[in-house]
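[1] what would the 3D arrangement of this be:
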Amino acid sequence: MTTRPPSPPRRGWTLRQRITVLALIPAALLTIAGGLWLRGQIHSAIYQSFAQHLHEESEALAARLHVDGSHVHEETGNEGQFGVIYSGWYWQVQGDGVEGHSRSLWDAPPLAATPAPGAEQLALLQASDPRGNPLLGLRSKVPLLGASAPVPLEVFGPAGNTLANVQRIDRILLASAIGLIATLTIMLLVQMRVAMAPLRRLTTAIAAQREAGGSDDAPTLPPAVLEELPLGSDLAPLHSEINALLTHNTSVVERARTHAADLNHALKKPLALLSAAASGQQQLPASEVLQQVSEMTRLIDRYQARTLGDSVRTRNAARTVPITECLEQLLRAMRKLHAAQELVWRLALPDDALRWRWRGERTDLEEALGNLLDNAGKWAASRVLVSAQFTPPTPVRRGNRQTGGQLAISIEDDGPGMSAEQLAAAGQRGLRFDEHVHGSGLGLAIAGQIASAWGAELRLDKSPLLKGLRATLTLPNVWQSAT
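    Predicted coordinates:
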C-alpha cells in the first residue's frame with residue numbers, strides 16, 4: 001500500500017506583503033475620497049462661475065426685452081452676441097402666454113433644455129444649439145416691459161470650453177491619484193526593503209551559523225557573531241532571545257560531549273580493576289565482579305540522569321527549589337559518607353534562610369553542591385563550614401522582568417588548601433592533585449559545568465576563616481518566598 005505524499009504547506013502572505021497591503025488600502029481610500037471631494041469643489045467653482053455669467057446676461061436682457069401682445073422682442077441694435085446667427089448665445093421665452101427667442105436662433109426650433117448633470121445645485125440647464133454644440137443655460141423669472149407678471153426667461157451660452165475644462169480637471173485629478181498611489185507604493189516597497197534588511201541580515205547569519213555548524217571542515221560560528229549585527233532596538237528582544245537559544249544549544253551539545261568523555265573516563269577505573277584482577281587470578285571472586293559492575297551501573301545511571309537533566313532544563317526552569325532543605329539533606333548524607341573522618345559539619349545560615357528558593361532544577365543543584373561538599377570532606381582535617389549570603393534584586397522600572405536576587409553559598413574546609421597555581425588549574429577534567437585521595441578528579445569540573453549551564457558562578461579561593469579551600473557557588477534567580 002503506497003502512502004500519499006503530504007501536500008506542501010500552504011504559503012500565506014509574507015510579512016512584507018501584509019504590511020504593504022494594510023498600508024496601501026487606507027492610503028488609496030483616502031486618496032480617492034480626497035480626489036472626489038476636490039473634484040466636486042473644482043466642478044462647483046467652474047459651474048458657479050458660468051452660472052454667474054448667465055445671471056448677469058439675464059439681467060441685462062431683461063432691460064432690453066419688451067412684450068408686444070404675445071410676443072417678446074429685443075430692442076433693435078442692442079442685441080450684441082444674441083443678434084449674431086448661431087453665435088452660441090441664445091435666449092428664449094416660452095410659457096405664461098408669451099413666447100419669443102433671440103435673433104441668433106434664426107428660424108430654428110426652440111431649444112430643448114434638460115437639467116445639467118454635475119450642476120444640479122445651481123439649477124443649470126443643458127441643451128444643444130442648431131449646429132449640435134453643447135450649451136449651458138439658466139432659467140429665471142424676470143419682469144419685462146409690457147408684461148403684467150414676470151415671465152420665464154432662458155439664457156444659454158456656449159459650454160464647450162467649460163466642459164473641456166471640467167474633463168481636463170478630471171484627467172488631471174485621475175492622473176494625480178494614480179501617480180500618488182504609485183509613488184506611495186514604490187516608497188512603501190523601498191521602506192519595507194530597508195526596514196526588513198535587519199531581518200534579512202539575521203536570517204543570513206543564522207543560516208551561515210547552521211551551515212557552518214553542520215560541516216565537518218567549517219568552523220562553527222559562535223553566537224557572539226550575531227551580537228554585532230546592526231538590528232536596531234525594535235529587534236533587540238528577538239536578537240537577544242535567538243542569541244540565548246544559540247548559546248543554550250551550543251552548551252547542550254558541549255555538555256553532551258563532556259558527559260560522554262566523563263563517562264568514558266569514569267568507566268576506565270572499574271574496567272582497569274577488573275582487567276588487573278582477571279590477569280592476576282584465573283577465577284575472580286563474585287563479590288569483586290559484583291562491586292565493579294555495580295560501580296559501572298551507578299556511573300552509567302548518573303551520567304544518563306545528567307544528560308536527561310540537560311534536555312529538560314529549560315522546561316523545568318519554572319520550578320523553584322528550597323535551598324536550605326537541599327543543604328540540610330546533603331549535609332546529612334556527607335556526615336554518613338565521611339563518618340570515618342569524624343569531621344564537624346556546620347551549617348551557618350541566617351534566620352530567613354528557609355524562605356530562599358532557587359528557580360532551577362533540583363537535581364543539578366544537589367549534584368553541584370554534593371560534589372563541592374564531597375570535595376571538602378575528602379580534604380578537610382576536622383571541620384567543614386557551609387554559609388550563605390543573599391543579595392536582593394535591584395529594583396527595576398515597571399514593565400521590566402524581575403530576575404531575582406543572588407545567593408552566594410560558601411563551602412570552606414580546614415584542609416591543606418591550594419596554591420595559586422593549583423587554583424588556576426582547578427576544575428580541569430580528571431586533574432587530581434593527590435593520587436592518595438580517593439576520587440576521579442571530576443567533582444569540581446562537574447560543579448563548574450552545572451554552574452555555567454544555569455548562569456551561576458563557581459569561584460575557588462583560600463578560606464579566610466579555616467585557612468583551607470573555600471568554594472563559593474553564586475546562584476542567580478533566587479527568591480525569598482512569602483512564607
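[2] going forward, measure contacts between C-alpha atoms and count neighbours the same way
    Noted.
[3] using the three-state scheme, assign residue 76.
    coil (DSSP: H, G, I helix; E, B strand; the rest coil).
[4] that one: how many residues sit nearby?
    Neighbour count for residue 76, taken as other CA atoms under 10 Å: 10.
[5] counting neighbours, what do you get for residue 360?
    Other residues close to residue 360 by other CA under 10 Å number 22.
[6] so how far is residue 245 from it?
    Noted for residue 360: a distance of 17 Å to residue 245, by CA to CA, to the nearest Å.
[7] isn't residue 407 up against residue 393?
    No: the pair residue 407 and residue 393 fails to qualify as a contact (CA atoms under 8 Å) at a distance of 10.4 Å.
[8] backbone dihedrals for residue 343, please?
    phi -80, psi 150 (degrees, to the nearest 10).
[9] contacting residues around it?
    335, 377, 380, 381, 382, 383, 384 (CA atoms under 8 Å, 6 or more residues apart in numbering).
[10] ok so, going back, out of residue 407 and residue 393, which sits in the more crowded spot?
    Using other CA under 10 Å as the criterion, residue 407 and residue 393 rank with residue 407 on top: 24 against 15.
[11] I'd like the distance from stretch 242-256 to the chain centre, please.
    23 Å (CA atoms, centre = their mean, to the nearest Å).
[12] what's the mean pLDDT across that stretch?
    Mean per-residue pLDDT for stretch 242-256: 74.
[13] again, but for stretch 139-152
    For stretch 139-152, the per-residue pLDDT averages 87.
[14] cool, stretch 29-36 as well?
    Mean predicted lDDT for stretch 29-36 stands at 92.
[15] same check on stretch 462-476?
    The pLDDT scores in stretch 462-476 average 93.
[16] just the buried residues of that stretch, please?
    By neighbour count on 16 or more other CA atoms under 10 Å, the buried set for stretch 462-476 is 462, 463, 466, 468, 469, 470, 471, 472, 473, 474, 475, 476.
[17] make JSON lines from the residues you listed and add secondary structure and distance to residue 371 to it.
    Below are those laid out as JSON lines (DSSP: H, G, I helix; E, B strand; the rest coil; distance: CA to CA, whole Å):
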{"residue": "462", "secondary structure": "strand", "distance to residue 371": "18"}
{"residue": "463", "secondary structure": "coil", "distance to residue 371": "18"}
{"residue": "466", "secondary structure": "coil", "distance to residue 371": "19"}
{"residue": "468", "secondary structure": "coil", "distance to residue 371": "17"}
{"residue": "469", "secondary structure": "strand", "distance to residue 371": "14"}
{"residue": "470", "secondary structure": "strand", "distance to residue 371": "13"}
{"residue": "471", "secondary structure": "strand", "distance to residue 371": "11"}
{"residue": "472", "secondary structure": "strand", "distance to residue 371": "12"}
{"residue": "473", "secondary structure": "strand", "distance to residue 371": "12"}
{"residue": "474", "secondary structure": "strand", "distance to residue 371": "15"}
{"residue": "475", "secondary structure": "strand", "distance to residue 371": "16"}
{"residue": "476", "secondary structure": "strand", "distance to residue 371": "19"}
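[18] closest one of the residues you listed to residue 12?
    Checking the buried residues of stretch 462-476 against residue 12 with CA to CA, the nearest one is residue 476 at 42.3 Å.
[19] quick one: contacts for the residue lying closest to the closest one once chain neighbours are set aside?
    Leaving aside its chain neighbours, residue 476 sits nearest to residue 406 (4.6 Å; criterion: CA to CA, 6 or more residues apart in numbering). Taking CA under 8 Å, 6+ apart, we find residue 406 in contact with 390, 391, 392, 393, 474, 475, 476, 477, 478.
[20] residue 133 contacts residue 163, doesn't it?
    No: the pair residue 133 / residue 163 is not scored as a contact, 11.3 Å apart, by CA under 8 Å.
[21] ok, the two, which is more surrounded?
    residue 163 (17 against 13).
[22] helices or strands up against the helix or strand the more buried one falls within?
    Taking DSSP states H and E as the criterion, residue 163 maps to helix 160-195. Applying 3 or more CA pairs under 8 Å, 6 or more residues apart in numbering; DSSP states H and E, one finds that helix 160-195 makes contact with helix 15-64.
[23] which other helices and strands contact the helix it packs on?
    strand 134-142, strand 151-158, helix 160-195.
[24] got those as TSV, with distance to residue 250 columns?
    Formatted as TSV, these follow (distance: least, CA to CA, whole Å):
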stretch	distance to residue 250
strand 134-142	83
strand 151-158	85
helix 160-195	30
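[25] ranking those by burial, who's on top?
    strand 151-158 (a mean of 23; mean count of other CA atoms under 10 Å).
[26] can you tell me the strand partners of that one and which way each runs?
    Strands adjacent to strand 151-158 in the sheet, as given by DSSP bridges, are strand 90-95 (antiparallel), strand 134-142 (antiparallel).
[27] can you redo these as TSV with distance to residue 411?
    Converted to TSV, those look like this (distance: least, CA to CA, whole Å):
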stretch	distance to residue 411
strand 90-95	115
strand 134-142	105
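[28] list phi and psi for residue 85.
    Backbone phi and psi, for residue 85 under degrees, to the nearest 10, turn out to be phi -60, psi 130.
[29] state the number of residues packed around it.
    Neighbours of residue 85 (other CA under 10 Å): 15.
[30] okay, and the beta partners of the residue nearest to residue 476?
    Note on residue 406: beta-bridge partners by DSSP bridges are residue 391.
[31] quick one: it from residue 387, how far?
    For residue 406 relative to residue 387 (CA to CA), the value is 14 Å.
[32] what residues sit buried inside stretch 51-62?
    For stretch 51-62, by 16+ other CA under 10 Å, it's 51, 54, 55, 57, 58, 61, 62.
[33] what's the closest of the residues you listed to residue 240?
    Lowest distance from residue 240 to the buried residues of stretch 51-62 (CA to CA) belongs to residue 51, with 69.9 Å.
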